[in-house]
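Q: Next one to model:
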Amino acid sequence: MDRRHFLTGLAASVFVAGHTRLAFAAPTVSRAVIPLWQGEPPGGGGPTGNLIISATGAQRNIALPTLTMIRPAVPRGQAVLIAAGGGYKRIEMGKEAWPAAEWLVARGITAYVLSYRLPGEGWKDGNRVSLQDAQRALRMVRQREKQVSVLGFSAGGHLLGLAATRSDYPSYAPQDDIDQLPATADRAALIYPIITLEQPYTHTSTHRILVGPHASATENAAWSVQNYVRPQSPPFFLVQAEDDPVSNPENTLIMEHACEQQHVAVELHRYSRGGHGFGMGRPGTPTVAWPGLYEKWLSRLV
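A: Down below sits the predicted model:
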């Protein structure tokens, strides 16, 4: 695959799906697309051909996982790693990641948007590849920034929830000096996340892709975020609508309970309406309030 062609296409995808506004166009905002791995990703394999971007900005056929760094003209010293959802079948950049990055950059926060490998695209390391990319991304952002938090939506919330709670899990063999850095987050915001893969919450695409319909109770538990919350886990900010048809609303309650049991700071905001996939807030629903609360939560880091 032609790396330059891929990176050009990926950078262009920032401007997809009607989310182009002056925050990205201004010359004082710096942007860079950074490959996660120096050579072949761990395990090898993967899809062939170019990145595929849908009309709404969703990515798939991700042969080269990357970070897109978007730095504001006057950074305030914070960075956020963003992972959009899509059930591990695609990555909803246009609906979730790019709007979130734009919102953060407008507030002086550096955004790092993760384009992670999808387990069903032929990677030899199977269901570990997304977590490998998330851990590698945390290390790379940690190398560049002093304060690092994560923001994950839906399956991206599952991915970054696992990364935030399993920083000591060696999902891949060290590749270089970057892998000597901790894969840790200072804070974690999970928006309508998939938290548990355990019964009776096994209907999701996340469950089907990561463990399959015939997974054992042990396998389900091994991929459930709440089982890895420990006293040293970072503070969590959780958001969900009570009418979510994809991620059962019990997910955030399960995560809240796990945090309380381990004495980890947690802030949960639940809304009566909004469904699933509302991104930075669905107009006409109470979910439009969450970004303001998130901004206040982030400000406690400064």
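
Q: what pairs with the host helix or strand of Tyr112, and is each one parallel or antiparallel?
A: Using DSSP states H and E, Tyr112 sits within strand 110-115. In the sheet, strand 110-115 lines up against strand 66-71 (antiparallel), strand 78-83 (parallel) (DSSP bridges).

Q: In TSV: these, plus distance to Gly275.
A: Using the backbone N, CA and C atoms, a C-beta is placed for each residue, glycine as well. Below are those laid out as TSV (distance: least, Cβ to Cβ, whole Å):
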stretch	distance to Gly275
strand 66-71	27
strand 78-83	20
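
Q: Rebuild those strands as CSV, extending it with distance to Tyr228, mean neighbour count and mean pLDDT.
A: Shown next, in CSV, are the strands paired with strand 110-115 (distance: least, Cβ to Cβ, whole Å; neighbours: other Cβ atoms under 10 Å; pLDDT from 0 to 100):
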stretch, distance to Tyr228, mean neighbour count, mean pLDDT
strand 66-71, 24, 22, 98
strand 78-83, 17, 26, 98
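
Q: Out of those strands, which is closest to Val33?
A: The closest of the strands paired with strand 110-115 to Val33 is strand 66-71. By Cβ to Cβ, the value is 5.2 Å.

Q: Show me where the protein dips below the pLDDT cut-off.
A: Applying pLDDT under 70 to the chain picks out residues 1-27, 301-302.

Q: looking at it, Ile254 is touching Thr196, isn't it?
A: Yes - contact between Ile254 and Thr196 holds when scored by Cβ atoms under 8 Å: they sit 5.4 Å apart.

Q: can you list residues touching both of those two?
A: By Cβ atoms under 8 Å, 6 or more residues apart in numbering, Ile254 and Thr196 have these common neighbours: Gln226.

Q: out of the two, which sits in the busier spot?
A: Using other Cβ atoms under 10 Å as the criterion, Ile254 and Thr196 rank with Thr196 on top: 27 against 19.

Q: part of a helix, is that one?
A: No - Thr196 is assigned coil when assessed by DSSP: H, G, I helix; E, B strand; the rest coil, not a helix.

Q: The spatially closest residue to it that is not a sequence neighbour and Pro72, how far apart?
A: What sits nearest to Thr196 in space, not counting adjacent residues and going by Cβ to Cβ, 6 or more residues apart in numbering, is Ser224, at 4.4 Å. To Pro72, Ser224 is 36 Å away according to Cβ to Cβ, to the nearest Å.

Q: if you count what's nearby, which of the two comes out ahead?
A: Ser224 (24 against 19).

Q: Correct me if wrong: that one contacts Ile194.
A: No - the pair Ser224 / Ile194 is not scored as a contact, 9.3 Å apart, by Cβ under 8 Å.

Q: how about the strands in the stretch 1-150 of the chain?
A: In the stretch 1-150 of the chain, the segments counted as strands under DSSP state E, counting those that start in this stretch are 30-35, 52-53, 58-60, 66-71, 78-83, 91-92, 110-115, 147-153.

Q: Which elements pack onto the host helix or strand of Leu162?
A: Using DSSP H and E, Leu162 falls within helix 155-165. Applying 3 or more Cβ pairs under 8 Å, 6 or more residues apart in numbering; DSSP states H and E, we find helix 155-165 packed against strand 78-83, helix 129-144, strand 147-153, strand 187-191, helix 205-210.

Q: can you rerun that using 7 Å?
A: strand 78-83, helix 129-144, strand 147-153, strand 187-191 (3 or more Cβ pairs under 7 Å, 6 or more residues apart in numbering; DSSP states H and E).

Q: would you list those in CSV and tack on distance to Gln261?
A: As requested, these are exported to CSV (distance: least, Cβ to Cβ, whole Å):
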stretch, distance to Gln261
strand 78-83, 25
helix 129-144, 23
strand 147-153, 21
strand 187-191, 17
